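1. Predicted structure and sequence below. I'll ask about it afterward.
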Amino acid sequence: MDFKLKIWRQDNPQSKGKMVDYEVKKISPDTSFLEMLDQLNETLILRGENPISFDYDCREGICGQCCLFINGRAHGPIEHTSTCQLHMRSFREGETIHVEPFRAGPFPVKKDLKIDRQALDKIIASGGYISVNNGQAPEANQTLIDSDTIEQAFDAASCIGCGACVASCKNGSAALFTAAKISHLFQLPQGKIEHKKRIKNMVETMDQLGFGACSNTGACEVECPQGISISHIALMNREFWK
Amino acid sequence: MYYTTDTATTPNAKIPEGDLKDKWSNFKDKTRLISPNNRHQYKILVVGTGLSGASAAASLAELGYNVSTFCFQDSPRRAHSVAAQGGVNAMKNYKNDGDSVYRMFYDTLKGGDFRAREANVYRLAECSSHLIDQAVAQGVPFAREYSGYLANRSFGGVQVSRTFYARGQTGQQLLLGAYQAMMRQVHLGRIKSFTRHEMLDLVTENGVAKGIIVRNMDNGEISRHAAHAVVLATGGFGKIYYLSTLAMGCNGSAIWRAHKKGAWTSCPSWTQIHPTCLPQAGNYQSKLTLMSESLRNDGRIWVPQTKNENRKAIEIPEEDRDYYLERKYPSYGNLAPRDIASRAAKERIDAGHGVGPLKNAVYLDFKDAIATQGKDIISKKYGNLFNMYEKITGINAYQQPMMISPAAHFSMGGLWVDYELSTNIPGLYAIGEANFSDHGANRLGANSLLQACIDGYYILPQTLPQYLAQQGKATPPESSSEAFMNAENQVRSQLEELSGINGSKTVDHFHRELGKILYDKCGLSRSAKGLTEAIESIRVLRKSFFQELKIPQVLQGINEELEKAGRVADYLEIGELMCIDALSREESCGAHFREEHQTPDGEAKRNDSDFSYISCWKKNEDTPVLIKEPLQFEFTKPTERSYK
């Protein structure tokens, strides 16, 4: 398959970026989107040009490192799929594909399509845990947790921290990311004790870092590669105001 | 001769006295401690923030030590432990199915083909139970029965159910537990986390580890970090095969650079080739995604009876299917250990029974499981794996069997460590997959998450203080010495050398070539002839790398090609040592299958009288030196490893 690409190029965080046109030819439909970019980069390198910088690591949809905004959607056209799990068979022959970084105030662009998402780590550091020191834990089966609760907590815990929710939100809100962690820990009996403090600290940190407010458009839920529901945001809001 | 042997040196594994079950307690009873008031004076560097690194960093910081962590990812949460799917083993005997610490120890030792230390393996099983308690306390959502009790499943190479799991994302959930514990300490100011920083050298003074040199991958800055101890938790180097189940960034550089500073490397050729991965489909491919071994609980593996079968899988009737694992290994069937399952697949594929467009795969079929248990139950157990399979291949595995194939996965080999997880360089520790560890010549499924956690949560925080206590009063670490200056200069000149070659081939070209050589000659099956050819080919490839490499000549700022070039330069050396290690071991054991050494029915033939040792490779100008650590079996008797 042949494609035309319009890709965001930016040398460093200070410089002004622009969209640059590229073409790729004879790409197998089973090639992943990132492998298509690998092939383009090999050509660029051999031509003596700077290859395109983009984030990736596990390439199996779980590490959350890859983060491309493709044709105006975080992680591209397929729902509940991270960029690395997207294949060229999902595009039309000859299609022009726009590739940009995830954009949000707290996610500055480092170079080309690579962004800085340390803000998400800071939200977790402010309270996204149960404060148990190594060695303190009681026998695991002493606390029974019914399987439905575990499944619901798991749905929230499955967040891969990619930031698609933030990039998809017109307000640049990290509500889904933050709520997922709050909800994961709140639903478990062992996470309830610190709940009040956790929710206050995490929400405050989220605001201080410059993420926007949630206005319930639901865009985040649509683009989340793990399909995490905005009902967790409702839970966060309800609990925050309690 | 590709190596020399040093028979005068005998490594001291520092195994504590006493009965097998008392050794770890005996160590803990007598180890020296550091008073809580003094702990903050000791600085510890942890390189790598996967499950072992994050858990070690968090545990040490909780104790009060001054910790810095380094990872190449943009967040510690992305380390490749995140990708482990199926589960973590632990001896709880919740199933009342006859499990015990001894049985878990014996399964692991036997699974590793009696090529690990008894005392280490026993400790792994002994500490496993508490890990589940700790993870649950952190909020890890392990699967539960309807009653609310923790659920278990089985993994390969055992006859009990001791695997705890969180859907198909157990590694992610355990890593998030460790990451969150670590971020809590970052928040408390006890850990300083350096993300997007790659270790490029170890600094030693008078043979003692004193710190590291790192490169900031965002701006190219090189910096020195001095400490009282350095912990390498940098994972495995299976990515050396280019196509593997590992993340693209996984590499062997930290441990290899430590090796070049004197740390011994043990059994580098013991690479686990995982049986259930997606097959290669073309040359553009960058990785082979793993499908969890847990699928073998319910999936049945088969190939067509006839060669070059052209019918679709669902059109092939039962009588024309060969369930070869059930046929060859009736007592373990589809849950035969990984090395055995992979080799059996290769044997069938090589014999012309492979399936798929490139005839390089076997079927993994859920037809019977769906018929007996229903689609809902199968979906609950493996739903995310079936989805992942469909995303990548476009095939619905509820309707037709998956196609799977063996791929490079886990490094049983790594830096040599003693019982205390210390390398032979005082002050340098290696934990998790980075060390040669407890898995012997073949790791059992769901034991890697276990080992990473046990090393990080339970062993290192108990053993490292002993080393610090021996140093006496802590003096602030200094990075201005000549050793630091030399190491930094060396790192700078290597980066300049790589970027200045200006040839005509990309880094990936060399990596792919190396991968092909290793898959062919040092993969599932090895021979003296093949290994010798591989060593010569790698030498030619390495020479060409330093003449023909082309990368952007940028030293400041982001340059992924420069990062990759450094790693591949190391891989080209590691690959040669892997082949030399495989060549020196004239026996078959676990994942190491030498064609010259097999039983009449094609099984691995071990040679305990000559090869019951751990190889410890010492760096020497051109020719590596082999030192042997003999394995002593005081409490078990190595037997022929049979799963029939």
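-> Received, thanks. Here the structure is a predicted model, which means the values were calculated and not measured.
2. low-confidence ranges in chain A?
-> For chain A, no stretch is flagged by pLDDT under 70.
3. Let me see the domain layout of it.
-> Listed by automatic domain parsing, the domain ranges of chain A are A:3-114, A:118-241.
4. Just the endpoints, please. Distance across the last one?
-> End-to-end distance for domain A:118-241, by C-alpha to C-alpha, to the nearest Å: 27 Å.
5. cool, the shortest one as well?
-> With C-alpha to C-alpha as the measure, domain A:3-114 spans 22 Å from end to end.
6. Does it reach chain B?
-> Yes: counting by C-beta under 8 Å from any C-beta of the partner chain, chain B has neighbours in domain A:3-114: A:11-12, A:27-28, A:30-32, A:34-36, A:38-39, A:42, A:45-46, A:50-51, A:53, A:55-65, A:78, A:81, A:85, A:87, A:89, A:110-111, A:114. To be clear about C-beta, it is placed using only N, CA and C from the backbone, and glycine gets the same treatment.
7. list the contacts for the residue nearest the centre of chain A?
-> Nearest to the geometric centre of chain A sits residue A:162, at 2.0 Å (C-alpha atoms, centre = their mean). Residues in contact with residue A:162 (C-beta atoms under 8 Å, 6 or more residues apart in numbering or on different chains) are A:64, A:65, A:66, A:67, A:75, A:82, A:102, A:225.
8. need the contact list for the fourth one.
-> Okay, so that is residue A:67. A:55, A:74-75, A:83, A:101-102, A:113, A:115, A:117, A:162-164, A:167.
9. What about those, which are in helices?
-> Among those, the members found in helices (DSSP state H) are A:164, A:167.
10. out of the contacts of residue A:67, who's nearest chain B?
-> Chain B has its nearest neighbour among the contacts of residue A:67 in residue A:117, at 6.1 Å by C-beta to the nearest C-beta.
11. what's the residue lying closest to the closest one once chain neighbours are set aside sitting at in phi/psi?
-> The shortest distance from residue A:117 to any non-neighbouring residue, by C-beta to C-beta, 6 or more residues apart in numbering or on different chains, is to residue A:163 (5.2 Å). Main-chain dihedrals, residue A:163, degrees, to the nearest 10: phi 90, psi 10.
12. likewise residue B:505?
-> According to degrees, to the nearest 10, residue B:505 has phi -130, psi 150.
13. Leaving aside the residues adjacent along the chain, what's closest to it?
-> That would be residue B:548: by C-beta to C-beta, 6+ apart, it lies 4.8 Å from residue B:505.
14. and if you look at residue B:290?
-> residue B:245 (4.0 Å).
15. circling back: which residues does the residue nearest to residue A:117 contact?
-> A:64, A:67, A:102, A:104, A:107, A:115, A:117, A:120, A:174, A:177.
16. From those, list the buried ones, please.
-> Among these, those scoring as buried are A:64, A:67, A:102, A:104, A:107, A:115, A:117, A:120, A:174, A:177 (criterion: 16 or more other C-beta atoms under 10 Å in any protein chain shown).
17. Which residue, neighbours along the chain excluded, lies closest to residue 235?
-> Picked chain A for this. Leaving out its chain neighbours, the residue that sits closest to residue A:235 by C-beta to C-beta, 6+ apart is residue A:183, at 5.1 Å.
18. You answered for a different chain; I wanted chain B.
-> residue B:433 is the one closest to residue B:235 (C-beta to C-beta, 6+ apart), at 4.8 Å.
19. Three-state assignment for the one you found, please.
-> For residue B:433, the secondary structure call by DSSP: H, G, I helix; E, B strand; the rest coil comes out as helix.
20. if I look at it, how far off is chain A?
-> Using C-beta to the nearest C-beta, to the nearest Å, we find residue B:433 at a distance of 15 Å from chain A.
21. Which residues are in contact with that residue?
-> Residues counted as contacts of residue B:433 (C-beta under 8 Å, 6+ apart) are B:52, B:235, B:236, B:410, B:411, B:414, B:448, B:451, B:452.
22. Wait, the fifth one touches residue B:234, no?
-> No: the pair residue B:411 / residue B:234 is not scored as a contact, 10.8 Å apart, by C-beta atoms under 8 Å.
23. Which neighbours do the two have in common?
-> Common neighbours of residue B:411 and residue B:234 (C-beta under 8 Å, 6+ apart) are residue B:252.
24. Next, count neighbours for the closest residue to residue A:186 other than its chain neighbours.
-> Nearest residue to residue A:186, sequence neighbours excluded (C-beta to C-beta, 6+ apart): residue A:195, at 5.2 Å. Look at residue A:195: counted by other C-beta atoms under 10 Å in any protein chain shown, it has 16 neighbours.
25. Could you do residue A:234 as well?
-> 14.
26. buried sites along the helix or strand encompassing it?
-> Using DSSP states H and E, residue A:234 sits in helix A:231-241. By 16+ other C-beta under 10 Å, the buried positions in helix A:231-241 come out as A:232, A:233, A:235, A:236, A:237, A:239.
27. and if you look at stretch A:150-162?
-> A:150, A:152, A:153, A:154, A:155, A:156, A:157, A:158, A:159, A:160, A:161, A:162.
28. Stretch B:356-368 now?
-> B:356, B:360, B:361, B:362, B:363, B:364, B:365, B:366, B:367.
29. what do you get for stretch B:378-385?
-> Residues B:378, B:381, B:382, B:384, B:385 are the ones in stretch B:378-385 that count as buried (16+ other C-beta under 10 Å).
30. right, and out of these, which lies closest to chain A?
-> If you rank those by distance to chain A using C-beta to the nearest C-beta, residue B:384 comes first, at 8.5 Å.
31. Go ahead and confirm that closest one touches residue B:167.
-> Yes: with contacts counted by C-beta under 8 Å, residue B:384 reaches residue B:167, the gap being 5.7 Å.
32. which residues of chain A fall in strands?
-> Counting by DSSP state E, the segments of chain A that form strands are A:3-9, A:18-24, A:68-70, A:73-74, A:96-101, A:109-111, A:114-115.
33. roughly how far is the last one from the heart of the chain?
-> Strand A:114-115 has its C-alpha centroid displaced from the chain centroid by 12 Å (C-alpha atoms, centre = their mean, to the nearest Å).
34. Quick check: neighbours of it in the sheet, parallel or antiparallel?
-> strand A:109-111 (antiparallel) (DSSP bridges).
35. Give me the residues contacting the partner strand.
-> Applying C-beta under 8 Å, 6+ apart, the external contacts of strand A:109-111 come out as A:8, A:10-13, A:17, A:53, A:101, A:103, A:115-116, B:218, B:557-558.
36. which two from the residues you listed end up farthest apart in space?
-> Greatest spatial distance in those: A:103 and B:557, 20.7 Å, computed using C-beta to C-beta.
37. From residue B:290, how far out is residue B:404?
-> Distance, residue B:404 to residue B:290, by C-beta to C-beta, to the nearest Å: 10 Å.
38. any common contacting residues for the two?
-> Both residue B:404 and residue B:290 are in contact with B:276, B:277, where contact means C-beta under 8 Å, 6+ apart.
39. which one of those two has more residues nearby?
-> When residue B:404 and residue B:290 are compared on other C-beta under 10 Å, the one with more neighbours turns out to be residue B:404, at 28 against 24.
40. quick one, what contacts that one?
-> Shown here is residue B:404, whose contacts under the criterion C-beta under 8 Å, 6+ apart are B:275, B:276, B:277, B:278, B:279, B:291, B:301, B:345, B:361, B:362, B:363, B:364.
41. Ok, residue B:106 next?
-> residue B:636 are the contacts of residue B:106 under C-beta under 8 Å, 6+ apart.
42. That one belongs to a helix?
-> Yes: under three-state DSSP, residue B:106 sits within a helix.
43. What separation is there between it and chain A?
-> Taken as C-beta to the nearest C-beta, the span from residue B:106 to chain A is 24 Å.
44. Now residue A:167. Nearest residue, chain neighbours left out?
-> Nearest residue to residue A:167 in three dimensions, chain neighbours excluded: residue A:102, at 3.6 Å (C-beta to C-beta, 6+ apart).
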